[in-house]
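[1] Build me a model:
(one chain, ligands or ions: 2)
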Amino acid sequence: MNVENGNMIKTRFFRVSENNLEDVLNEAAAILRSGGTVAFPTETVYGLGADGLNPQAVGKIFEAKERPPGNPLSLLVHSREDIEIIARNIPEKALRLMDAFWPGPLTIVLEKNDIVPGITSGNLPSIGVRMPDHRIPLELVKRAGTPLAAPSANLSGKPSPSLAAHVADDLTGRIDAIVDGGEADIGLESTVIDMTVEPPVVLRPGAVGIEELEKVIGKVRSGYKDGKIEDNEGYPDKQAGQKYGHYTPDTRVVLVEGKSKFVSEKIVELLGSYRRREEKVGLLLSEEIADLVAVETLGAEKCFLLGSREKPEVAAKKLFEGLRDLDKKGLDVIVADGSFSCSGLGDALINRLREASSLRFDV
Ligand code: TXA
Ligand code: MG
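    Ligands and ions are numbered 1, 2, ... in the order given. Below is the predicted model:
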């Protein structure tokens, strides 16, 4: 039954429809109750769930994802009552965030109760908690009768999955079941905010922006920069939760940020130099930059379009699909457009592009 021994698990695949939803939920919940692993959609990305209070079950998540031990998982809950079981000394500001943004794409780091095993929290005294805005995980938590540890359902270091097919690519043979409930609505992982410190620190940008948070709880600090945690004075020991890298496709990614005109000129220049070196290039572009670059004439192997640069929420939804798609094409390099508008999901989008890239130009 376990991957390390080279024995593959038989992974069941459930495609949800209106007719079979009840049956799928019951079967998936039974697997979770018996200590198994099930991947399912949420409104952000697909998650890989297991009983978050059962150390053996949580161990299977680490094994399946090849996630480094010590990288904390977050817990999905179904109701506010669940939180009392797993967290303590919950600050009043955290309650306000729950009122304002739950169910939704916000993970709140709280002081944990002893019932949460060390393996789940990466041996930190705190734990990330989220109530998802999606019927399938909410029902699974309820029917499994336990908070579910649920990191993104990708192999560690790969882009998060926005489609069940991405989960199947990474985890078939490693987990007990995949529930296919269609494309994840947002496409980027939740905002993470640490409420165990004052002022609270945003550890990962997501669909809930800093301005929105500040409207509800006042001053917050940004604890990320260029995809990595800032060397933040007064916040040294918390970095344990965020020291692990994210999204690195196997193909190297070169990101070009700046004003559209300069971005397109830089991309044309890069394409020329890669072509002279006979390197195969893939492009990840907004429609506007694709028009300016005139992709076909430049001989890029493959171009994945992320929609208009004025609509970062559309690009966010397609980003991980684009990275995964291009990563399969046997390319030498992916050149990515970083000219998207910073409004709404734009900040989170640029953060994920920076994390995926090994080289950045700001033109
Ligand atoms: O949108 C999401 O949050 C998705 C869906 C599936 O719910 N889940 C997800 O899980 O992205 P994961 O494990 O890939 O990311 C959870 C983040 C990680 O960056 C982790 O380091 C952080 O939350 N985290 C969890 N507990 C923490 C803690 N006690 N202190 C600091 N960071 C913590
Ligand atoms: Mg992840």
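
[2] can you map out the strands along the stretch 151-300 of the chain?
    177-180, 191-194, 201-204, 221-222, 224-225, 228-229, 252-257, 281-285 (DSSP state E, counting those that start in this stretch).

[3] neighbouring contacts of the second one?
    Residues lying outside strand 191-194 but in contact with it, judged by Cβ atoms under 8 Å, 6 or more residues apart in numbering, are 74, 97, 105-109, 126, 128, 200-209, 213, 220, 223, 238, 241, 348. No exception for glycine: its C-beta is placed from N, CA and C like everyone else's.

[4] ok, which of these also contact ligand 1?
    Filtering the contacts of strand 191-194 for neighbours of ligand 1 using Cβ under 6 Å from any ligand atom leaves 74, 105, 107, 109, 126, 128, 203-204, 241.

[5] closest to residue 63 among these?
    Relative to residue 63, the closest of these is residue 74; by Cβ to Cβ it sits at 18.2 Å.

[6] what's the spacing between the closest one and residue 11?
    To residue 11, residue 74 is 23 Å away according to Cβ to Cβ, to the nearest Å.

[7] neighbour-wise, which of these two wins?
    Of the pair residue 74 and residue 11, residue 74 is the one with more neighbours under other Cβ atoms under 10 Å, namely 24 against 19.

[8] Can you pull the phi/psi pair for the closest residue to the more buried one other than its chain neighbours?
    In space, residue 74 comes closest to residue 128 once its chain neighbours are excluded; the distance is 3.2 Å by Cβ to Cβ, 6 or more residues apart in numbering. Dihedral angles of residue 128 (phi, psi; degrees, to the nearest 10) stand at phi -80, psi 140.

[9] same question, residue 23
    The phi and psi values for residue 23, taken as degrees, to the nearest 10, are phi -60, psi -40.

[10] and if you look at the one 3 residues further on?
    The phi/psi pair for residue 26 (degrees, to the nearest 10) reads phi -70, psi -40.

[11] My read is that residue 357 contacts residue 257, right?
    No: checked against Cβ atoms under 8 Å, the pair residue 357 and residue 257 is beyond contact range at 9.7 Å.

[12] Between the two, which has more neighbouring residues?
    residue 357 (24 against 20).

[13] What's the separation between the more buried one and ligand 1?
    The spacing between residue 357 and ligand 1, counted by Cβ to the nearest ligand atom, to the nearest Å, is 19 Å.

[14] likewise residue 313?
    Residue 313 is 15 Å from ligand 1, where distance means Cβ to the nearest ligand atom.

[15] quick revisit: okay, now the residue nearest to residue 74: neighbour count?
    Residues near residue 128, counting by other Cβ under 10 Å: 26.

[16] pLDDT score assigned to it?
    Residue 128 carries a pLDDT value of 98.

[17] Ok, residue 233 next?
    On pLDDT, residue 233 comes in at 46.

[18] what does residue 223 give?
    At residue 223, pLDDT is 87.

[19] what about the residue nearest to it when sequence neighbours are not counted, how many neighbours?
    Nearest residue to residue 223, sequence neighbours excluded (Cβ to Cβ, 6+ apart): residue 201, at 4.0 Å. The local packing of residue 201 (other Cβ under 10 Å) involves 24 other residues.

[20] List the buried residues in stretch 43-57.
    Going by neighbour count (16 or more other Cβ atoms under 10 Å), the buried part of stretch 43-57 is 43-54, 57.

[21] Taking those residues together, which two end up most distant?
    Once Cβ to Cβ is applied, those give 43 and 54 as the farthest pair, at 25.4 Å.

[22] What distance do you get for residue 287 to ligand 1?
    27 Å.

[23] what's the closest non-adjacent residue to that residue?
    residue 308 (5.4 Å).

[24] For residue 220, grab phi and psi.
    The phi/psi pair for residue 220 (degrees, to the nearest 10) reads phi -130, psi 160.

[25] For it, give its distance to residue 94.
    12 Å.

[26] Of the two, which one has the most company?
    residue 94 (22 against 19).

[27] That one is in contact with residue 196, isn't it?
    No: Residue 94 is not in contact with residue 196 according to Cβ under 8 Å; the separation is 9.1 Å.
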